[in-house]
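Student: Turn this into a structure:
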Amino acid sequence: MHTADLTPAELSAIRALLDDAFDGDFSDEDFEHGLGGMHALVQDDAGRVVAHGSVIMRRVRYRDRWLRVGYAEAVAVRADARRTGLGGRVMAELERVIDRAYDAGMLSASDEGAALYAARGWEVWGGRVCALGPEGVVHLPDEEGTTFVRAALAGALDPAFELVFDWRDGDVL
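Tutor: Next up, the predicted model:
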């Protein structure tokens, strides 16, 4: 569902899941980055959110074109429900949205999440990663090796050319 269709209680439950899943290292900006797009939720029998992910639109310059990118954000599974396929269920729904609505799919993976994305066919971007900041293009070397591209498009993008992401507060990617 879209962010606009989530109730305050659902948003609060998603935020609590993310805070827990990221051991308290999920900032207000990180949460904001996952809003404004489509959400995939998995609830347990008691109605509690056990898995979540969202896809939001980003603009990414590649060569001489700005791509409309479906960017996966805020993907998490409650600790006691991990390794049960819920992350894959969430990603399958996000990938469906990305494949039907965007030029490309991209995400920035944590060390813990990278295996899930690689297993689903996402590929690590082998090129330079940048952002268009207030002062111009800024190289983001720390994001290289953790930025993934949806496999369907990965072969169409040449890593000899940089990806330049739109700027945002907090962690840019």
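
Student: Low-confidence ranges, this protein, go.
Tutor: Applying pLDDT under 70 to the chain flags the ranges 151-155.

Student: What residues sit buried inside stretch 74-93?
Tutor: Buried residues in stretch 74-93, counted by 16 or more other Cβ atoms under 10 Å: 74-78, 82, 86-87, 90-91, 93. Bear in mind the C-beta positions are built from the backbone N, C-alpha and C, glycine included.

Student: hey, what's Ala76 bridged with?
Tutor: His52 (DSSP bridges).

Student: from what I can see it touches Ser54, true?
Tutor: No: counting by Cβ atoms under 8 Å, Ala76 sits too far from Ser54 to count as a contact (10.5 Å).

Student: did I read that right, Ser132 in a strand?
Tutor: Wrong residue type there; residue 132 is Leu, not Ser. Yes: the assignment for Leu132 is a strand, going by DSSP: H, G, I helix; E, B strand; the rest coil.

Student: got a list of what it touches?
Tutor: 61, 138, 164-167 (Cβ atoms under 8 Å, 6 or more residues apart in numbering).

Student: ok, now Asp44?
Tutor: Listed by Cβ under 8 Å, 6+ apart, the contact partners of Asp44 are 50, 81.

Student: burial measure for the residue lying closest to Val75 once chain neighbours are set aside, as a count.
Tutor: Computed as Cβ to Cβ, 6 or more residues apart in numbering, the closest residue to Val75 that is not its neighbour in sequence is Gly53, at 3.9 Å. Counted by other Cβ atoms under 10 Å, the residues lying close to Gly53 total 27.

Student: Give me the distance between Gly53 and Asp158.
Tutor: 28 Å (Cβ to Cβ, to the nearest Å).

Student: Please apply the same query to Ile56.
Tutor: Taking Cβ to Cβ as the measure, Ile56 falls 25 Å from Asp158.

Student: which one of the two has more residues nearby?
Tutor: Ranked by neighbour count (other Cβ under 10 Å), Ile56 and Asp158 place Ile56 first, with 19 against 10.

Student: show me the contacts for the residue nearest to the more buried one when sequence neighbours are not counted.
Tutor: Leaving aside its chain neighbours, Ile56 sits nearest to Gly37 (3.5 Å; criterion: Cβ to Cβ, 6+ apart). For Gly37, the contact set (Cβ under 8 Å, 6+ apart) comprises 2-3, 54-57, 70, 73.
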